[in-house]
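In: Any chance you can model this:
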Amino acid sequence: MGCVSFRFWDDCVNLLDLEAMWMDPNVSAEWVSVGETKGSKVHLSRNPDGQPYLTQTEMKAVSSIIVGRHFVSQIDSDMLCAIAELESGKQPLAMQYNKKTKEVTMGLMQLSQKTAEWIVSEMGFRIYDVAENSTMLYKPFVNVYLGAAYLKWLSCHDQKERSEEFMVRAYKGGVKKAAHKSTLGYWKRYLSVKESLPSRKIFEVNPLPYAPSTSAAGSEKKGTWDSRASVQDMEAMWNHPSVSKEWNKTGEKRGKVRFSLDNETRPYLSRVELKTVLCAIAETVCMRYVNGIGQRIGLMGIDYPTAHWLYKDLGYKVYVVESVEDLRKPFESMYFGAAYLAWLSQYDRRQRSPEFIVQAYLSGPQNVNLQETGPHWLKFQEALIRYEDLNKESGSCNIL
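Out: Okay, the predicted model is just below:
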């Protein structure tokens, strides 16, 4: 643990995160009940050994805030709570030495510095800078964010959708031990802990902006087209007659064009907006949600390693992709999605059919079976039909 010491919440979270904690009604009620006051430093709870720990209410809030910002519909916040209980007893300063790997694991989710840096550098989860700074891993929001990112990677390991059991057991013993008897006991304890957690209906945190912001105005701006598109791209959108007509109809103003929101306040693109970019692939993959859906990131569902490969190795450099957050920007996501489609069209140096390209995009080129009409192709065709009238009005939207 070295010289790291937290006495107050203020020692290990920034002002935005502390404000988010106070906004959770269950946290604020708990804090007020023990004499904490907003505007003053908030004490961390201590166990009999004098070590700080998060109460169940606090742990649930941290997990829900992280999921709400970065992993909506991708990671279960209760999973994070249960793993933190098993790994560290919810103690942010917990530290263990693994004799086999000769690595030290730290924090609520017990991550090693090596794993944390890999998550940041290779997987693109770069909200927090942990390079050569292991003390960052003791901070609750940093540690839970990286733990969630690692679980997200496990959820689609080897390009296969994985079960909760695989994710949890792989988190404990690595992907090679996900089905080994050595991780079975951990899985059973996890289920027991998760079952004991309070109902999520009681502890629910409203969705927050996808990335930290320093002001209310900054938080509001994160829900706009202008925050995720360049000036040139926005000008092109305004110059498109169908888009400008739609935006003017809904009262949008230059410099502050809002995304449409569903009943869960998730931003998405209208079909008119989407038609100016790529069309039915985005409908099929992520239902036009700006942040993506499930394990798919952004409109086109492109993951960071694929986008980074397209950028670095294949020379698609119109847009820079430096982190996962870049892929939540509509133009960036569509650009790298289109680049991936172009690569698939010549996969294995062969001219490929539209059916192959669509199936390969959605399930991987190794998993395509053209002997049968797969559900992905049918879903794509259904989505494409919705754009026929728009195509007749103002030209076609060529994807393939």
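
In: hey, where'd the helices end up in the stretch 301-400 of the chain?
Out: Applying DSSP state H, counting those that start in this stretch to the stretch 301-400 of the chain gives helices spanning 304-312, 330-345, 354-363, 375-385, 388-394.

In: Tell me how the chain divides into domains.
Out: 9-196, 223-394 (automatic domain parsing).

In: could you dump the ones you listed to CSV with mean neighbour count?
Out: No exception for glycine: its C-beta is placed from N, CA and C like everyone else's. Converted to CSV, the domains of the chain look like this (neighbours: other Cβ atoms under 10 Å):
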stretch, mean neighbour count
domain 9-196, 18
domain 223-394, 17
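
In: who wins for proximity to residue 3 among these?
Out: Counting by Cβ to Cβ, residue 3 lies closest to domain 9-196 out of those; the figure is 8.4 Å.

In: Straight-line length of that closest one, end to end?
Out: 25 Å (Cα to Cα, to the nearest Å).

In: Return the distance of it from the chain's centre.
Out: 15 Å (Cα atoms, centre = their mean, to the nearest Å).

In: Mind checking what helix or strand follows the helix or strand of the chain with the lowest mean pLDDT in sequence?
Out: Every helix and strand in the chain was compared by mean pLDDT, DSSP states H and E; the lowest is helix 216-221, with a mean of 45. From helix 216-221 onward toward the C-terminus, using DSSP states H and E, the following helix or strand is helix 231-239.

In: helix or strand right after that next one?
Out: Heading C-terminal from helix 231-239 (DSSP H and E), you reach helix 241-249.

In: and that next one, what does it pack onto?
Out: Using 3 or more Cβ pairs under 8 Å, 6 or more residues apart in numbering; DSSP states H and E, the elements in contact with helix 241-249 are helix 231-239, helix 271-275, helix 388-394.

In: Just checking: what are the partner strands of the helix or strand following that helix?
Out: Proceeding N to C from helix 241-249, the next assigned helix or strand is strand 260-261, under DSSP H and E. Applying DSSP bridges, strand 260-261 is found paired with strand 267-268 (antiparallel).

In: Contacts for the partner strand next, please.
Out: 223, 259, 260, 261, 262, 287, 288, 289, 290, 291 (Cβ atoms under 8 Å, 6 or more residues apart in numbering).

In: circling back: confidence-wise, which of the domains of the chain is weakest overall?
Out: Per-stretch mean pLDDT for those is lowest at domain 223-394 (a mean of 80).

In: can you give me the strands for the stretch 1-150 of the chain?
Out: Secondary structure of the stretch 1-150 of the chain (DSSP state E, counting those that start in this stretch): strands at 45-46, 52-53, 95-98, 103-106, 111-112.

In: Tell me which other helices or strands the last one touches.
Out: Counting contacts by 3+ Cβ pairs under 8 Å, 6+ apart, strand 111-112 packs against strand 103-106, helix 140-155.

In: so which of the ones you listed comes closest to residue 46?
Out: Nearest to residue 46, of all the helices and strands packed on strand 111-112, is helix 140-155, at 15.3 Å by Cβ to Cβ.

In: Centre of the chain to stretch 335-346, how far?
Out: Chain-centre distance of stretch 335-346: 23 Å, with Cα atoms, centre = their mean.

In: got the CA coordinates for it in CSV?
Out: Provided in CSV are the C-alpha atoms of stretch 335-346 (Å, rounded to 0.1, in the frame of the first residue of the first chain):
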residue,chain,number,x,y,z
TYR,A,335,-16.0,6.2,-41.1
PHE,A,336,-14.3,3.2,-39.5
GLY,A,337,-17.4,1.1,-40.0
ALA,A,338,-17.3,1.9,-43.7
ALA,A,339,-13.6,1.1,-43.8
TYR,A,340,-14.2,-2.3,-42.2
LEU,A,341,-16.9,-3.0,-44.8
ALA,A,342,-14.5,-2.1,-47.6
TRP,A,343,-11.9,-4.5,-46.1
LEU,A,344,-14.5,-7.3,-45.8
SER,A,345,-15.6,-6.7,-49.5
GLN,A,346,-12.1,-8.0,-50.5
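
In: Could you list the residues in contact with that stretch?
Out: 278, 281-282, 298-302, 306-307, 310-311, 314, 316, 318-319, 321, 327, 351-352, 356-357, 360-361, 365, 399-400.

In: wait, which of the helices and strands packed on strand 111-112 is closest to residue 25?
Out: Nearest to residue 25 among these is helix 140-155 (19.2 Å), distances taken as Cβ to Cβ.

In: what angle sits between that closest one and helix 304-312?
Out: Per axes from the mean of the first three to the mean of the last three Cα atoms, to 10 degrees, the angle that helix 140-155 makes with helix 304-312 is 90 degrees.

In: And helix 140-155, what does it pack against?
Out: Against helix 140-155 (3+ Cβ pairs under 8 Å, 6+ apart) you get helix 56-70, helix 77-88, strand 111-112, helix 113-121, helix 164-173.

In: Dump these to TSV, plus distance to residue 236.
Out: Shown next, in TSV, are the helices and strands packed on helix 140-155 (distance: least, Cβ to Cβ, whole Å):
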stretch	distance to residue 236
helix 56-70	29
helix 77-88	38
strand 111-112	42
helix 113-121	33
helix 164-173	41
